[in-house]
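> coords please:
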Amino acid sequence: MKRTPVNPWPWSLNVGYNQAEILEGANRQLICAGQTAVDAEGNPQHPGDMRSQIILALDNLEAILSAADMGLDNITRLNIYTTDVDEAMKHFDVFSTRFRPVNAAPPMTLLGITQLAIPGLMFEIEAAAAD
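Residues are numbered from 1 along each chain as shown. From the prediction side, this is the model:
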């Protein structure tokens, strides 16, 4: 799959994402449900700790990608939901440490919401991927 970044403005690259990407030659698509900070039994983890919730949500997303024989470099779109945008933005370096080593900066949207489906969770990430 060939990915061509489209960035008429460079500011989003400082945060770690492209404004858009042109995808050519993709074979498979994977659409992921929102991933949160839950353990293997679905129990919420890290109450009140945004950074740990982001890390676990990304861990869970990577587990799904791995099960589909994909990785973070296959992600083509991220939608992120949080109950506290300001707090989440303080921890966006976590995305850089995960995505930069695989040379990926998928387009993303960050939305502030009132609550997530499971009480105590503050962060959810859904993704689309392709190879």
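> can you give me the strands for the protein?
Counting by DSSP state E, the chain has these strands, from start to end: 2-6, 20-24, 29-31, 75-82, 108-112, 123-130.
> by mean pLDDT, flag the weakest helix or strand of the protein.
When each helix and strand of the chain is scored by mean pLDDT, DSSP states H and E, helix 11-15 comes last, with a mean of 84.
> give me the buried positions along it.
Under the neighbour-count criterion of 16 or more other CB atoms under 10 Å, helix 11-15 has residue 12 buried. Where C-beta positions appear, they are placed from N, C-alpha and C, glycine not excepted.
> quick check: which of the strands of the chain is nearest to residue 53?
Of all the strands of the chain, strand 123-130 sits nearest to residue 53, with 4.6 Å by CB to CB.
> show me how far the longest helix belonging to the chain is from its chain's centre.
In the chain, assigned by DSSP state H, the helix with the most residues is helix 50-67. Offset of helix 50-67 from its chain centre (CA atoms, centre = their mean, to the nearest Å): 8 Å.
> same for it, what does it pack against?
helix 85-89, helix 93-99, strand 123-130 (3 or more CB pairs under 8 Å, 6 or more residues apart in numbering; DSSP states H and E).
> and among these, the most buried is which?
Comparing the helices and strands packed on helix 50-67 by mean neighbour count (mean count of other CB atoms under 10 Å), strand 123-130 ranks first with a mean of 21.
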